[in-house]
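Q: sequence and computational prediction follow.
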Amino acid sequence: MSRLTLFCTLVLVLALSVPAYAAVQNVKVSGDLTFRAIYRDQYDLKDNDDANSEVDEYLTQQLGINVDADLTDNVSTQVRIVNERDWEVANDTTNLDLGVDLANVTLKELFYSPLTVIVGRQDVVYGRGFIVGSALLTGFADPEGSLGANEYTDYTAFDAIRAILDYDPWTIDMIWAKIDENGLASEDDIDLYGINVGYQFEDYNAEAELYLFVKEDRSTIVNGGNGDNGEADPATNTVYTLGTRGSMEPIENLSIWGEVAFQFGDYSIAADVDDAGSEYVDRDRQAWALDIGAEYNWADTNWTPSLGGEYIYFSGEAYDATNGAAGCGDYEGWDPMYRGSFTSAIRDFQTTLYATNDPNDQAATTNQHEFSLFGSIRPIDDLALTARWNYYRADEAYFTDRDEEIGHEIDLQAIYDYTEDVQVGLLAAWFIPGDYYDGETTEANKGNDTAFDLVGTMKVTF
């Protein structure tokens with residue numbers, strides 16, 4: 001508690017000192033408080049009739065304090081300090097710790113008027129966040145480990161350097177991000193490099209982008225490789241993602257979008273090949289992803305209803321009965337990179353944030369077709385009601401004797417603007433497993449029970 005009190009005191013002193021420096025800087029202090037009540041049932045998809053309950057019930061709280069400063073000569077800084085925790089978790093000494101979510105400096109017109117450089121911990125979202133948008137699924141989110149529902153964590157930013165060239169209507173955005181340093185003296189890092197070229201059209205509110213992102217992952221190979229003379233294998237798990245994205249409004253109130261990406265590079269995995277013991281198998285990557293959708297909004301009608309549809313595809317790797325995950329030939333499973341757009345409350349986070357009872361389950365970030373219908377209405381100006389239905393099928397037979405129907409999900413949400421500063425919401429979601437989960441040969445591992453999620457939210461901004 002003393003750390004939080006000290007920080008708030010420092011922020012207050014900073015805010016009161018702003019008028020004295022008004023000639024050279026503009027400092028804005030803001031913040032937000034978010035409370036959630038969460039009820040979850042059968043997230044493991046297994047209907048347990050014994051004393052081991054599958055129900056989770058808990059309350060969470062997140063505090064964020066923002067300090068934004070506009071300095072002289074096109075220099076600005078951004079800092080966000082957060083505390084996020086589950087209420088009264090026994091023996092949790094990290095509950096009141098403060099962490100840094102954002103800490104960066106922006107230098108505009110650096111050496112050259114169209115050039116902007118951003119250095120430090122920052123949010124990075126390209127397009128709809130289909131390829132790069134969040135560090136949530138990297139395993140480095142919620143570093144304090146104090147939040148049970150990690151999909152709501154504030155820690156989704158990247159430690160990065162970005163250079164942005166603005167040649168209106170062209171924009172060239174280059175990035176280098178350090179995902180994981182691992183050992184300081186070892187070449188076992190995970191890095192992200194990329195370039196995104198965008199163009200803004202004059203008509204139809206249209207835009208287009210072409211990008212190349214590279215994820216270089218040396219952590220697994222260097223730490224566990226089997227090179228000659230006992231030295232580490234110099235290979236890397238390198239993922240090159242080349243893609244294009246666009247959106248437009250061909251007629252009033254109709255929005256359409258599309259994105260397609262191709263992955264190539266190296267895929268290396270430890271495997272027992274021909275009973276020779278564990279060694280690394282290197283394969284070429286050949287994977288695809290697609291996201292297309294449309295939404296129409298009846299803006300001039302009572303309740304302003306909207307209706308849309310979306311299709312998302314991630315190519316998959318067929319299970320190899322002989323070599324298992326090592327397989328042979330090109331590796332066709334999609335690598336999620338740093339995906340930041342999520343379309344469901346439950347399915348998107350299965351096996352990545354929440355394990356099911358099925359030991360042969362697979363994540364929603366690869367080997368999947370997703371078909372969606374969604375809509376919204378506003379019965380009154382301050383109340384928005386949304387609904388979404390998703391249907392999932394596997395692209396390839398992930399495991400022997402498994403059906404390709406993964407399941408359905410229904411998400412319903414209500415968001416009410418109580419005041420300009422206070423927003424309350426209620427989310428209810430159901431994931432209904434498909435025949436895929438009936439294919440588990442062990443009866444104890446079969447999963448055919450519906451997962452349920454109920455989340456009440458109140459957010460206050462100041």
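A: That came through, no problem.
Q: the helix or strand hosting residue 58 pairs with which strands?
A: Assigned by DSSP states H and E, residue 58 falls within strand 55-70. Strands flanking strand 55-70 in the sheet, each with its direction: strand 26-41 (antiparallel), strand 75-86 (antiparallel) (DSSP bridges).
Q: tell me, how many residues neighbour the nearest residue to residue 63 once chain neighbours are set aside?
A: Across the structure, with CB to CB, 6 or more residues apart in numbering as the measure, the residue nearest residue 63 apart from its sequence neighbours is residue 83 (4.7 Å). Any C-beta I mention is one placed from the backbone N, CA and C, and that applies to glycine too. Here the neighbour count serves as a burial measure; for residue 83 (other CB atoms under 10 Å) it reads 21.
Q: worst-scoring helix or strand of this structure, pLDDT-wise?
A: For the chain, the helix or strand with the lowest mean confidence is helix 2-17, at a mean of 40 (criterion: mean pLDDT, DSSP states H and E).
Q: what's the most buried one of the strands paired with strand 55-70?
A: Mean neighbour counts were taken over the strands paired with strand 55-70 using mean count of other CB atoms under 10 Å, and the top value, a mean of 19, falls to strand 75-86.
Q: and it, C-alpha only, in CSV?
A: Only the C-alpha atoms of strand 75-86 are listed here, as CSV (Å, rounded to 0.1, in the frame of the first residue of the first chain):
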residue,chain,number,x,y,z
VAL,A,75,9.2,15.8,-28.2
SER,A,76,6.5,14.0,-26.1
THR,A,77,6.5,11.2,-23.6
GLN,A,78,3.9,8.7,-22.4
VAL,A,79,3.9,6.7,-19.2
ARG,A,80,1.3,4.3,-17.8
ILE,A,81,1.7,2.7,-14.4
VAL,A,82,-0.7,-0.1,-13.5
ASN,A,83,-1.7,-2.3,-10.6
GLU,A,84,-3.9,-5.3,-11.4
ARG,A,85,-5.0,-8.0,-9.0
ASP,A,86,-7.6,-10.4,-7.9
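Q: for the helix or strand following it, packing partners?
A: The helix or strand immediately downstream of strand 75-86 is strand 99-108, counting by DSSP H and E. Counting by 3 or more CB pairs under 8 Å, 6 or more residues apart in numbering; DSSP states H and E, the packing neighbours recorded for strand 99-108 are strand 75-86, strand 115-122.
Q: TSV for these, including mean pLDDT and distance to residue 69?
A: Supplementary listing: these in TSV, determined by pLDDT from 0 to 100; distance: least, CB to CB, whole Å:
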stretch	mean pLDDT	distance to residue 69
strand 75-86	94	5
strand 115-122	97	13
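Q: any chance of those in a markdown table, plus distance to residue 382?
A: Formatted as a markdown table, the helices and strands packed on strand 99-108 follow (distance: least, CB to CB, whole Å):
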| stretch | distance to residue 382 |
| --- | --- |
| strand 75-86 | 27 |
| strand 115-122 | 32 |
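Q: so which of these comes closest to residue 448?
A: With respect to residue 448, and counting by CB to CB, the nearest of those is strand 75-86 at 29.7 Å.
Q: tell me the angle of the closest one relative to strand 99-108?
A: Interaxial angle of strand 75-86 relative to strand 99-108 (axes from the mean of the first three to the mean of the last three CA atoms, to 10 degrees): 160 degrees.
Q: what segments of the stretch 301-450 of the chain are strands?
A: 306-314, 368-380, 383-394, 405-417, 422-433 (DSSP state E, counting those that start in this stretch).
Q: so what's the residue nearest in space to the middle of the chain closest to, chain neighbours aside?
A: Centre of the chain computed as the mean C-alpha position; nearest residue by CA atoms, centre = their mean is residue 340, 3.2 Å away. Taking CB to CB, 6+ apart, and ignoring the residues beside it in sequence, residue 340 has residue 133 as its nearest neighbour in space, at 1.9 Å.
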